[in-house]
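Participant: task: produce atomic coordinates for the following.
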Amino acid sequence: MSEAEELAAAQALHRQGRLEEAGAAYAALVERAPGRADLWQLRAIVEHQQGRAPRAREYIARAIALDGSPAGFHLLAGHIAVDEGDLGAAAQHFGDAAARRPEWVAAWIALGNVRFDAGEFAAARDAFARAVSLDPRAARAWNSLGLAEMELARPGQAEDAFRKAIAADGQHADAHLNLARIANRAGRFDEALASLDAAIAAEPRLAEALLLRAQILRRRRDPRAAEAHDDAVRRIPGDSRIRVAQAEYLWEQGRADDARAQFRHAEALDPGNLRAAIGSRLVLPAIYRDEANLAECRAGYARGLEELHAESPRFAGLSAAAALNGATWTNFYLAYQGRNDRELQARYGDFLDKVLRPRLPEYFGEPAPRRRGGRLRVGFFSYFFFNCTAGRYFASWILDLDPTRFEKVVFYTNPWVADDTRTIAAAAERFHHLAGFPLQAVARAVAAEELDVLVYPELGMQPDTFALAALRLAPVQVAGWGHPTTSGLAAIDAFVTCADMEPEGAQEAYRERLVGLPGIGTRYVRPRTGSTKDREALGLPAHATLYLCPQSLFKIHPDNDELFARVLAGDPRGRLVFFGYREGVVTRLFRDRLFAALARSGVDGEGRTVFLGFVTHGDYLRVNQLCDVMLDTLHWSGGNTSLDAIAAGLPMVTLPGALMRGRQSAAMLRRLGLEALVARDREDYVAIARRLGTEPEWRREIRKALEERAGAIFDDRAPVAALAERLEMLAGDSR
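Facilitator: Numbering: from 1, shown residues only. Okay, the predicted model is just below:
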């Protein structure tokens, strides 16, 4: 048999997938003709296909040494280098391939991919742009170009690239998905859902599309959300991400036990799924049956933390992106247990450090020193800079800081852009709208600003924000009290609080350095309502004494139930008014617990309570005006709700707790000179509430005082002036 015939036979074996036999045949040929570069390349291909990268690298290197001109040799060498994790070598080989065959689209795509994976997004964009200039019908290259543009924070250019990918191939599922992501981050939800439908039609088991569809429907409180989650599970029952999303949805509905089971299912499917591992151990219910149930859940949570620490080595193989995405979690419900959470929060923060530090070492080094000279560059990072509690509470921190002293940079991660968002954006020198961006891209965008101080006003309310806050993105990082409990994160240096709301020895409850502001800590604009609706129009009984408890139901500790019962038992005309939580399970669980407590005091829960549904903010303020008394809650007092009550002239009673989050209303009332409404103990709380409810004349006196003294609370510029000094102090201390 001639050498040509032997080669043809070897290649036939290769085409048939008989790789070992083909490799042996190529080896025999090379032994007789060691100077033939093409034979070394064939040996490299066989070894590469069998997953033996080191030997493949050796053989392709021999081929290139004999003849470095064929572009295909360099392309193969690049793919082998990718398999070995050597992105630098891969980029060099792919660049060599493109240089030798500038018209070869595959070489430019491969170069773009490796540049993208290395985080060199501008270089990746250039490579993909070259590919599509050579072949405008290369849908895959257009899609990759769009992804690079997204990483470069150029959503307009990204959208154009994705549309061109679809024009080239209407069934390109990833391009439809990426268009949906852009529409979602822009708040164009109907458009996003249409693109997702197209993506799923093209690829019915595309997990990312199924997940995003369910997420959008869930955020919009669309009744189809449950069906979307179930559909995703049916299509891909073995995908741990799908199970995690299902668990999160169940948890939002108040079905904590079902959520925990789904997290465990996801963890069983993929032990490396960090989010599933956290969820299976740290889920807490929104509503506790009683104090004993609360204590049991807290103990289980503590055990879960220790399990996570013990099992942290199994997350060592995660990529940086997988680790950061898996860490998107907040211990939100922990704060409503009414205990000092410093130890538990710090333990969780240390777990995040264990997992994230090895994966993202660039964000865990010593903080860079502050830039010398010029204005202090301060960043504000939030998901909640829109018309909501946090947006109203902390907007003045941005609006009122003196632009001659501070260079203000805002990072906003919510798709929704509201009036408050636009006002905040106008007050910033740079406004980064980063909704829908990969978390690593968000981290890079923040770090690129070279801030002196980074402020998280409500750290602990949004999972992505909490994960990012575990990284060192600025020399000084500060949490506000939008979620008034310690973050527990080592990367957060200071916690800005309201000094008057803190008890003695407050530092013991915080891992961060505690920094106090005067007043209520912000310039809060007094809310007004134009609503003139009467009680009947708002679903309130016309002739009862209305005791309003405006807190979200999950904030109402079981310790409150007895107080509510005693107040109603002493006022036969009294009715308790609540705002029902948006998910029916939570409302049902709360009602069951409350009604049992009322029954023990001989009070009919069904007849003596009112649960209002969703109302506009204007109607919410009108409800405050029409009620008679506000019953503040133990352990977690009103903040924004108390300010709304004061603005509406609604008398309230409060009993300050041991921690700041249970003392906000008391500080406000004392500032207004209304110490008489601050109870000394539980007996005094009931007595004050009953007196307010049954003595109309005293109520009128209190309403008048609230109206006359409101200026001590609202539109006070002193807190932000103090904030400016504190930020400069913190930045100075970091030098």
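
Participant: for the protein, longest helix please?
Facilitator: Longest helix of the chain, by residue count under DSSP state H: helix 291-311.

Participant: which residues does the closest residue to Cys297 other than its chain neighbours contact?
Facilitator: Residue nearest to Cys297 in three dimensions, not counting chain neighbours: Leu284, with 5.7 Å by C-beta to C-beta, 6 or more residues apart in numbering. For glycine as for every other residue, the C-beta is placed from the backbone atoms N, C-alpha and C. With contacts defined as C-beta atoms under 8 Å, 6 or more residues apart in numbering, Leu284 is in contact with 256, 297, 301, 331, 333-334, 337.

Participant: quick check: Ser69 touching Arg101?
Facilitator: No - judged on C-beta atoms under 8 Å, Ser69 makes no contact with Arg101 at a distance of 10.1 Å.

Participant: the more surrounded of the two?
Facilitator: A direct count of neighbours by other C-beta atoms under 10 Å for Ser69 and Arg101 places Arg101 higher, at 17 against 9.

Participant: any idea how far that one is from Ala110?
Facilitator: In this view, Arg101 and Ala110 are 12 Å apart by C-beta to C-beta, to the nearest Å.

Participant: Asp222: neighbouring residues, count only.
Facilitator: Count around Asp222 with other C-beta under 10 Å applied: 15.

Participant: what about the most centrally placed residue in the chain, which SS state?
Facilitator: What sits nearest the mean C-alpha location of the chain, by C-alpha atoms, centre = their mean, is Asp464, with 2.5 Å. Here Asp464 is recorded as helix under DSSP: H, G, I helix; E, B strand; the rest coil.

Participant: pretty sure it sits against Tyr383.
Facilitator: Yes - Asp464 lies in contact with Tyr383 (C-beta under 8 Å); the separation is 7.2 Å.

Participant: overlap of the contact sets of the two?
Facilitator: With contacts taken as C-beta under 8 Å, 6+ apart, Asp464 and Tyr383 have Thr413 as neighbours in common.

Participant: roughly how far apart are the nearest residue to Asp400 once chain neighbours are set aside and Asp644?
Facilitator: Using C-beta to C-beta, 6+ apart and skipping residues adjacent in sequence, the residue nearest Asp400 is Val720, 4.2 Å away. Distance, Val720 to Asp644, using C-beta to C-beta: 21 Å.

Participant: same question, Leu399
Facilitator: Computed as C-beta to C-beta, the Leu399 to Asp644 distance reads 20 Å.

Participant: so for those two, which residue has more residues nearby?
Facilitator: Applying other C-beta under 10 Å to Leu399 and Asp644 shows that Asp644 carries more neighbours, namely 24 against 15.

Participant: what helix or strand does the more buried one sit in?
Facilitator: helix 640-648 (DSSP states H and E).

Participant: following that helix, which helix or strand comes up?
Facilitator: Next along from helix 640-648, by DSSP H and E: strand 652-653.

Participant: pairing partners for that next one, with directions?
Facilitator: Strand pairing for strand 652-653, determined by DSSP bridges: strand 629-631 (parallel).

Participant: isn't there a helix covering Val378?
Facilitator: No - assigned with three-state DSSP, Val378 falls outside any helix and is strand.

Participant: for it, give me its contacts.
Facilitator: 401, 406-409, 451-455, 727.

Participant: partners of it in the sheet?
Facilitator: Counting by DSSP bridges, Val378 forms beta bridges with Lys408, Val453.

Participant: what's the spacing between it and Phe431?
Facilitator: As for Val378, its distance to Phe431 is 13 Å (criterion: C-beta to C-beta).

Participant: and for those two, which residues touch both?
Facilitator: The contact sets of Val378 and Phe431 overlap at Val409 (C-beta under 8 Å, 6+ apart).

Participant: next structured bit after the helix or strand containing Ala28?
Facilitator: Element membership for Ala28 (DSSP H and E) is helix 19-32. Remark: after helix 19-32, the chain's next helix or strand is helix 37-49, criterion DSSP H and E.

Participant: which residues does that next one contact?
Facilitator: By C-beta under 8 Å, 6+ apart, helix 37-49 touches 7, 10-11, 14, 19, 22-23, 26-27, 29-30, 33, 53, 55-57, 59-60, 62-64, 66-67, 70, 72-73, 76, 79-80, 83.

Participant: can you say which of these are buried?
Facilitator: 7, 10, 14, 22-23, 26, 29-30, 53, 55-57, 59-60, 62-64, 66, 70, 72-73, 76, 79-80, 83 (16 or more other C-beta atoms under 10 Å).

Participant: so Pro541 makes contact with Val577?
Facilitator: No - assessed by C-beta under 8 Å, Pro541 is found out of contact with Val577, at 9.1 Å.

Participant: out of those two, which sits in the busier spot?
Facilitator: Between Pro541 and Val577, Val577 has the larger neighbour count (other C-beta under 10 Å), namely 25 against 14.

Participant: roughly how far apart are the more buried one and Pro223?
Facilitator: 27 Å.

Participant: same question, Arg32
Facilitator: From Arg32 to Pro223 the distance is 73 Å (C-beta to C-beta).

Participant: coming back round to it: touching, the residue nearest to Asp400 and Ala395? I think so.
Facilitator: No - in this structure, Val720 is not within contact of Ala395 by C-beta under 8 Å, at 10.4 Å.
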